[in-house]
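K.L.:
kindly generate the corresponding structure for this input.
(one chain, ligands or ions: 2)
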Amino acid sequence: MYNIQVYNSIADKGLAVLNDDAYQVGDVNDADAILLRSYKLEEESIPSSVKAVARSGVGVNNIPVDDLTERGVVVFNTPGANANAVKELVLMSLIASSRNLFSAVNWTNGLQGNGSEVPKKVEAGKKGFVGTEVRGKRLGIIGVGAIGALVANDASSLGMDVIAYDPFISVNTAWQLNGDVQRANDLEDIFQTCDYITMHVPLTDKTKQMLNADAFSKMKPGMKILNFSRGELVEENELKEAIENNIVDSYVTDFPNEELLQMENVTAIPHLGASTYESEENCAAMAASQIKQFLETGNIHNSVNFPDVHMPFKGRKRLAVVHQNIPNMVGQIASLLATQSINIADMVNRSKDEWAYTLIDLDQDVLNNEDLIDLVKNIEGVLHVRVI
Ligand SMILES: NC(=O)C1=CN([C@@H]2O[C@H](COP(=O)(O)OP(=O)(O)OC[C@H]3O[C@@H](n4cnc5c(N)ncnc54)[C@H](O)[C@@H]3O)[C@@H](O)[C@H]2O)C=CC1
Ligand SMILES: O=C(O)C(=O)COP(=O)(O)O
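P.N.:
Ligands and ions are numbered 1, 2, ... in the order given. Next comes the predicted model:
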């Protein structure tokens, strides 16, 4: 029986993946795995029984990934599974902010109670909301991953002049980009030349507050900024000044807070980027499948802290060892198995930065899983051991 602790509302299609007798899912004791969305896991104490955490979504800044890695806990996310949902809301917001649609709709709602005067007031008031078209305007995209690439291609189809910055772009994503999308050599290219900026980077120490006073000082007056990534990418006091100085004309954010709600020219959306039925189902099904596969087979797919590992079952039992990426780990584990007269049927070892993962299929049944686990755990550099 595997216990899966669930936080947030996870789509039924995802929960259905775990809907069999081998799983207890919900608010559980001694969780083997955690399934969550934006729940702030860094504020929880995570039991030692946990072997995996799956983020039904992309951003993992709500998860203490470094601490979990040191404990040998595998953290998954669902790359690309909600990208289309975010892209659609970004494009909608891009056009809506250009046409002053958010404030115009608010204003129109405020006409309630004017009875037969409403149509006349509408015609008289609409001149206050004249907008600009996006065609021919320059859009800077910071971060060209799953979302950034979709936004780049579709904005280009809308006739926008698109320039994108991503020093770590993957070869696969680069292949998907429309030939009209230009490459920015640095952020200055974006800040100095664009009419619009949209950010699609993860929140990390390097990206935190990437839009700050220095960045705003390089922008053309009237800049429109979209932030569907994370609020902390923007230094908000400095944003306020940039708005007051007419540098920033519009800031659309999916991450409102009290200060932002009080600022002019800010459109606050309640973190709806990934909130479509399709995206919630895609993410939940992917996250749940990744947990199930990991718990039942030890195979890893789409982890943010450990390498992808896939090996079909070839033995009677499988040893799954999370360890540091240092010399002679595999040698020590193999020697230990030999001392126990256990023959190896197959094995695979993969590493990612300082960490590594080894799966070893054993030719014979292990009499006492716990004894073997204790022996392997004693090897220096081993973080976590399971017998499956
Ligand atoms: N509003 C919402 O509901 C959602 C928000 N997000 C946010 O959007 C972010 C991006 O999502 P995806 O495109 O799916 O992720 P992704 O991992 O496919 O793409 C991120 C891209 O950012 C690039 N990058 C990293 N550091 C960079 C830097 N310093 N400068 C420029 N580029 C850099 C990477 O090379 C990568 O290509 C997520 O990390 C998350 O924070 C994601 C999904 C939904
Ligand atoms: O996938 C992401 O990074 C998101 O921000 C989506 O968050 P959510 O699952 O809607 O709480």
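
K.L.:
buried stuff in the helix or strand harbouring R350?
P.N.:
According to DSSP states H and E, R350 maps onto strand 344-352. By neighbour count, with 16 or more other C-beta atoms under 10 Å as the criterion, the buried positions of strand 344-352 are 344-345, 347-352. For glycine as for every other residue, the C-beta is placed from the backbone atoms N, C-alpha and C.

K.L.:
in the sheet, who's paired with the closest residue in space to D32 that isn't next to it in sequence?
P.N.:
Leaving aside its chain neighbours, D32 sits nearest to Y2 (4.6 Å; criterion: C-beta to C-beta, 6 or more residues apart in numbering). As for beta bridges, Y2 partners with Y23 under DSSP bridges.

K.L.:
might one say that Y2 is in contact with I34?
P.N.:
No - using C-beta atoms under 8 Å, Y2 is not in contact with I34; the gap is 11.8 Å.

K.L.:
could you check the pLDDT of the closest residue to M223 other than its chain neighbours?
P.N.:
Leaving aside its chain neighbours, M223 sits nearest to V248 (5.2 Å; criterion: C-beta to C-beta, 6+ apart). Looking at V248, its pLDDT reads 98.

K.L.:
just the one 5 residues further on next, same as before
P.N.:
pLDDT, T253: 98.

K.L.:
shouldn't it be in contact with H271?
P.N.:
No - using C-beta under 8 Å, T253 is not in contact with H271; the gap is 9.4 Å.

K.L.:
the two: which is more packed in?
P.N.:
T253 (24 against 15; other C-beta atoms under 10 Å).

K.L.:
look up how far ligand 2 lies from the residue in the stretch 51-200 of the chain that ligand 1 sits nearest to.
P.N.:
Of all residues in the stretch 51-200 of the chain, G145 sits closest to ligand 1, at 1.7 Å by C-beta to the nearest ligand atom. Going from G145 to ligand 2 by C-beta to the nearest ligand atom, to the nearest Å gives 11 Å.

K.L.:
and that residue, how many neighbours does it have?
P.N.:
Neighbours around G145, by other C-beta under 10 Å: 19.

K.L.:
contacting residues around it?
P.N.:
Listed by C-beta atoms under 8 Å, 6 or more residues apart in numbering, the contact set of G145 reads 79, 166, 169-170, 173, 200-201.

K.L.:
now the helices: where do they sit in this structure?
P.N.:
Remark: helices assigned in the chain by DSSP state H are 12-17, 65-71, 83-98, 101-109, 118-125, 146-157, 171-176, 187-193, 213-218, 236-244, 258-261, 277-297, 329-339, 369-377.
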